[in-house]
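Trainee: here is the input, now give the coordinates:
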Amino acid sequence: MNLVRYATYPGRHPREVVLLRGRPCVWGRCTFCDYTADNTTDEGEMERVADATLALVTGRFGRLQVINSGSIHELTPRVLERIRRTIRLRGITDCWAEFYWAYRKRVVEIRDYLGIETHLFLGVETFDDRLRNEVLNKSMHWKGPDEVAAVTDSICLLIGFRGQTRDSVRKDIETLLTRFRYGIINLFSPNTRSGGLLDPEIQEWFREEFSWLEREPNVDVLWKNTDLGVG
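Mentor: Okay, the predicted model is just below:
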């Protein structure tokens, strides 16, 4: 796929962003996600992409975000080693990556391996169980936010999809701000797998009601799915 795989994000938490290729997502059936089209089982291709993309990293911000259309755990050992080597070579002290709930018992493993402050973002999308599992088909179950907070300090939320209400969005934002250190909030963008999922009314309301989130020190709001510059 001809995608942009390196970019710099100049937002509240400036960072270099790389989009790598990993193995197929362990779940891969979320109704809103078509990023899995970038997955591969060709380890040589994964390493080629990693080599070319990580070579562009300069360390200018001291922070690196690694994206791979799934969980960081789905990168091969050789690609993970390339990431670790780049971190050391470029003097990076803060790494951001993503993981799926099925890998929750391996979060510490990744942090220890990279050897620097590492924030693993869980794509919670919403703490409303019905919306998360019946509408978005995330297949992620827990007793409450505390169970998630015990695993990670960083989450992603998704705003503007069918079934969300103003009340459910408010509760999600409150949970993010009171229970977690970092948050990335994404406004939902339609794609090849998400027909009929967009709720433009909720998105418009959110833009007006929560514009102040841009001043929150530990939150990045991605108003467009291209805001990180990769993809």
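
Trainee: name the nearest residue to V148, sequence neighbours excluded.
Mentor: Sequence neighbours aside, W142 is the residue nearest to V148 in space, at 6.0 Å (criterion: Cβ to Cβ, 6 or more residues apart in numbering). Quick note: C-beta positions are derived from backbone N, CA and C, even for glycine.

Trainee: quick check, pLDDT for that neighbour.
Mentor: What the model reports for W142 is a pLDDT of 96.

Trainee: any stretches of this protein with poor pLDDT?
Mentor: Where the chain drops to pLDDT under 70, the residues are 1, 193-194.

Trainee: by contact count, what packs against the biggest strand by length in the chain?
Mentor: Ranked by residue count and defined by DSSP state E, the top strand of the chain is strand 117-125. Applying 3 or more Cβ pairs under 8 Å, 6 or more residues apart in numbering; DSSP states H and E, we find strand 117-125 packed against strand 94-99, helix 107-114, strand 154-159, strand 182-187.

Trainee: 6 Å instead, please
Mentor: With contacts taken as 3 or more Cβ pairs under 6 Å, 6 or more residues apart in numbering; DSSP states H and E, strand 117-125 sits against strand 94-99, strand 154-159.

Trainee: which residue ranges of the protein form helices?
Mentor: Assigned by DSSP state H, the helices in the chain fall at 43-54, 77-90, 107-114, 129-130, 145-149, 166-179, 200-209.

Trainee: can you tell me what sits against the longest strand of the chain?
Mentor: 94-99, 107, 111, 132, 136, 152, 154-156, 158, 182 (Cβ atoms under 6 Å, 6 or more residues apart in numbering).

Trainee: and of the residues you listed, the nearest to A50?
Mentor: A97 (13.5 Å; Cβ to Cβ).

Trainee: in this structure N68 contacts G22, no?
Mentor: Yes - between N68 and G22 a contact is recorded at 3.9 Å, counting by Cβ atoms under 6 Å.

Trainee: who touches both of the two?
Mentor: L75.

Trainee: quick check: chain neighbours aside, which residue is closest to the residue nearest the centre of the chain?
Mentor: Nearest residue to the geometric centre of the chain (Cα atoms, centre = their mean): E98, 4.8 Å. Take E98 and drop its neighbours on the chain: the residue closest to it by Cβ to Cβ, 6+ apart is F121, 4.9 Å away.

Trainee: do you know how far the one you found is from P200?
Mentor: Distance from F121 to P200, counting by Cβ to Cβ, to the nearest Å: 26 Å.

Trainee: which of these two has more neighbours?
Mentor: Shown here are F121 and P200; by other Cβ atoms under 10 Å, F121 has more neighbours (21 against 9).

Trainee: measure the more buried one to S154 for me?
Mentor: For F121 relative to S154 (Cβ to Cβ), the value is 4 Å.

Trainee: ok, G229 next?
Mentor: G229 sits 20 Å away from S154, going by Cβ to Cβ.

Trainee: of the two, who's got more company?
Mentor: The neighbour comparison of G229 against S154 (other Cβ under 10 Å) goes to S154, with 20 against 15.
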